[in-house]
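[1] No letters, just coordinates:
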């Protein structure tokens, strides 16, 4: 059975030529204007899937006359054609006899395509400026809107004639690829014929040109997603990201599967139309494994990605999904001092300012937190002053705050005595609604701040001046008029995992004793002292500053305490630094910088004879 697409306004006959066999051409418009095939043969080499091939001598499709095919005040005729012969004779693509309306692939007008009709008893024709190219697909269309006949080739108007009047009608059949009155037989393939009782716009014609009536079969699955990464987001969330799959038609989404602790099986836990996903509601201090597969419009499934795992934090944490009645945040939240600061409220299970153009904050008072803490929310929209707070000391109006100002604008601030002091800014990330913004504050004297997007560190700052200590995590929004900023799914808590209370308040130390030694003309060997951390050191990131450069670039990540950098320029000086990463996923300070110069080749002159 041939599927029928959603009805399109004004469509009176439509033929997708996807039957692939038999002598019946099915009308997909729903008007029952089916056609009888005579002499034409099926081919799989259509513009979209199958098509009919016409022999140029007697092949045609005949559609019996009906009321819906007797067009009167307006029309659009469309078809994809592949002429195997181009000559200076009239050759039918769509023909309603006797010349009621017609679309010709060529004519005795120097072989050019022609479209026309009898309007008010007089012929009106739009003649193309050029002949079609043999053995090449071309889209032909003609429209009449009651004032002008227009001809389009490949979605571009190429000719027109101003004319008014009613389209002539008759009881003659509609025919495709040839006619039984004049024998104007077309040689080549025809696909995707549409007939409307209204004049379409150029945008509608272009849409029809690029959209098959029936999507051809798609047996090819997408490629498997690659580079799956799982990042811990506090005690109850994991963020997943991966590299997009490819598909011959198009990837429509991804299926996310999870393996729970103690289970031997993966189960589907979510879907995503992007290349990331947040998995929520997880158990604290537990390891989860994930895999992802892609799907396309034909529901073909790719192979699985590789497996990625992440362990949620085990420390005490507070959370609030705000799924309750509109109004105040509740007893676990308090607004800061001074009282002139506005408050945040719940609207439709999300948090938003109670007044626009006002600084609005809230601090969690339902539990206490360690010196090292984090705060995170899911941003529902991207705009100025949409962020979160760590180490809030509301009694004296001082806290660290991370804010997303725009898609490529994010910042770290110190709030003090009613003013904001810029600490660090970033612009390389592109923030999207649904992203998780997280702020971590670790250590004291100095305090280390880290802003993370979906678990990935994107901005850092070390504060040894103000060095705020203790306090509580919170949330903050400043919503300009019309911005309507909102946040959702807050979580705050202590950083890390260790000990009977599940805490890790120890950050990785700076890598020590970094040594660089040149090995000949193209290599430098680096070594450093192994570090210990109560959450266990897992990786070291090596960065290099090239000769003449003022910035460091990532070279490699390793679990060892040495690395040999190769393919360097001879006689050149390179500088290095190392950053350590522990199991919590936090990066701390860089090591000191060390340098080495590669050797230069010694050229021995050729001995003269």
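    Noted; the coordinates are in hand. These numbers were taken from a predicted model, which means no experiment stands behind them.
[2] Quick one: residues contacting the nearest residue to residue 179 once chain neighbours are set aside.
    Excluding the flanking residues, the one nearest residue 179 by C-beta to C-beta, 6 or more residues apart in numbering is residue 95, at 4.6 Å. All C-beta spots, glycine's among them, are computed from the backbone N, C-alpha and C. Listed by C-beta atoms under 8 Å, 6 or more residues apart in numbering, the contact set of residue 95 reads 102-104, 174-176, 178-179, 184.
[3] quick one: residue 452 and residue 90, what's the gap?
    Here residue 452 is placed at a distance of 70 Å from residue 90 (C-beta to C-beta, to the nearest Å).
[4] ok, those two, which is more surrounded?
    Remark: of residue 452 and residue 90, residue 452 carries more neighbours, 24 against 20, as counted by other C-beta atoms under 10 Å.
[5] Spell out, range by range, the helices that occur in this structure.
    202-210 (DSSP state H).
[6] wait, residue 544 sits on residue 576?
    Yes - shown here, residue 544 and residue 576 form a contact pair, counting by C-beta atoms under 8 Å, at 5.5 Å.
[7] Quick one: the strands in the stretch 101-250 of the chain, in order.
    101-106, 114-119, 122-127, 138-144, 148-153, 156-162, 174-176, 187-196, 226-233, 237-243 (DSSP state E, counting those that start in this stretch).
[8] Residue 446: which of those strands is closest?
    Closest to residue 446 of the strands of the stretch 101-250 of the chain is strand 226-233 (C-beta to C-beta; 24.6 Å).
[9] Run through the neighbouring helices and strands of the closest one.
    Judged by 3 or more C-beta pairs under 8 Å, 6 or more residues apart in numbering; DSSP states H and E, strand 226-233 is in contact with strand 237-243, strand 287-296, strand 308-311.
[10] With mean pLDDT and mean neighbour count as added columns, please give these in a markdown table.
    As requested, the helices and strands packed on strand 226-233 are exported to a markdown table (pLDDT from 0 to 100; neighbours: other C-beta atoms under 10 Å):
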| stretch | mean pLDDT | mean neighbour count |
| --- | --- | --- |
| strand 237-243 | 91 | 23 |
| strand 287-296 | 94 | 21 |
| strand 308-311 | 86 | 18 |
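[11] Tabulate the ones you listed (a markdown table), appending distance to residue 54.
    Below are the helices and strands packed on strand 226-233 laid out as a markdown table (distance: least, C-beta to C-beta, whole Å):
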| stretch | distance to residue 54 |
| --- | --- |
| strand 237-243 | 46 |
| strand 287-296 | 33 |
| strand 308-311 | 55 |
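[12] so which of those gets nearest residue 206?
    strand 287-296 (24.0 Å).
[13] The closest one relative to strand 237-243, how many degrees between them?
    Between strand 287-296 and strand 237-243, the angle comes out at 40 degrees (axes from the mean of the first three to the mean of the last three C-alpha atoms, to 10 degrees).
[14] Could you check how far the closest residue to residue 21 other than its chain neighbours is from residue 191?
    Excluding its sequence neighbours, the residue lying closest to residue 21 (C-beta to C-beta, 6+ apart) is residue 42, at 5.8 Å. For residue 42, the distance to residue 191 (C-beta to C-beta) stands at 11 Å.
[15] In terms of neighbours, single out the busier of those two.
    Using other C-beta under 10 Å as the criterion, residue 42 and residue 191 rank with residue 191 on top: 25 against 16.
[16] List the contacts of that one.
    Counting by C-beta under 8 Å, 6+ apart, the residues that residue 191 touches are 16-17, 46-48, 50-52, 79-82.
[17] run the last query once more with 7 Å
    Listed by C-beta atoms under 7 Å, 6 or more residues apart in numbering, the contact partners of residue 191 are 17, 46-48, 51, 80.
[18] Equivalent analysis for residue 405, please.
    By C-beta under 7 Å, 6+ apart, the contact list for residue 405 reads 384, 411.
[19] next one: residue 61
    So residue 61 contacts 25, 35-37, 40, 52, 175-177 (C-beta under 7 Å, 6+ apart).
[20] which of the residues you listed tops the neighbour count?
    Tallying neighbours with other C-beta under 10 Å puts residue 177 at the head of those, with 33 neighbours.
[21] thought that one was touching residue 60?
    Yes - Residue 177 lies in contact with residue 60 (C-beta atoms under 7 Å); the separation is 4.9 Å.
[22] Any chance you could list residues touching both of those two?
    Joint contacts of residue 177 and residue 60 (C-beta under 7 Å, 6+ apart) are 40, 185.
[23] How much space separates residue 51 from residue 185?
    Distance from residue 51 to residue 185, by C-beta to C-beta: 16 Å.
[24] between the two, who's got more neighbours?
    Legend: neighbour count by other C-beta under 10 Å for residue 51 and residue 185, higher for residue 51 (27 against 20).
[25] Run through the residues that contact the more buried one.
    17, 43, 45, 189-191.
[26] 6 Å - rerun?
    Going by C-beta atoms under 6 Å, 6 or more residues apart in numbering, residue 51 touches 17, 43, 189, 191.
[27] now swap in residue 158 and tell me
    Counting by C-beta under 6 Å, 6+ apart, residue 158 has contacts 128-129, 151.
[28] Please name the nearest non-neighbouring residue to it.
    residue 128 (5.2 Å).
[29] Ramachandran coordinates for that neighbour?
    phi -70, psi 150 (degrees, to the nearest 10).
[30] Could you measure from it over to residue 80?
    16 Å.
[31] try residue 65
    25 Å.
[32] With neighbour numbers in mind, choose between these two.
    Each of residue 65 and residue 80 has its neighbours counted (other C-beta under 10 Å); residue 80 has more, 23 against 17.
[33] Dig out what the more buried one forms beta bridges with.
    residue 139, residue 191 (DSSP bridges).
[34] surely it meets residue 141?
    No - using C-beta atoms under 6 Å, residue 80 is not in contact with residue 141, being 10.0 Å away.
[35] which one of the contacts of residue 158 has the most neighbours?
    residue 151 (26 neighbours).
[36] Name all residues that make contact with the residue nearest to that one when sequence neighbours are not counted.
    Spatial nearest neighbour of residue 151, chain neighbours left out: residue 126 (3.8 Å); criterion: C-beta to C-beta, 6+ apart. Contact analysis of residue 126 by C-beta under 6 Å, 6+ apart lists 115, 149-151, 159-161.
[37] re the thing from before, export the contacts of residue 191 to a markdown table and append columns for distance to residue 398 and pLDDT.
    Compiled in a markdown table, those are given as follows (distance: C-beta to C-beta, whole Å; pLDDT from 0 to 100):
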| residue | distance to residue 398 | pLDDT |
| --- | --- | --- |
| 17 | 73 | 95 |
| 46 | 70 | 93 |
| 47 | 67 | 93 |
| 48 | 65 | 89 |
| 51 | 73 | 96 |
| 80 | 69 | 98 |
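[38] So which of these is the closest to residue 212?
    Using C-beta to C-beta, residue 48 comes nearest to residue 212 of the contacts of residue 191, at 3.5 Å.
[39] Now do residue 284: how many residues are near it, please.
    Counted with other C-beta under 10 Å, residue 284 comes out at 17.
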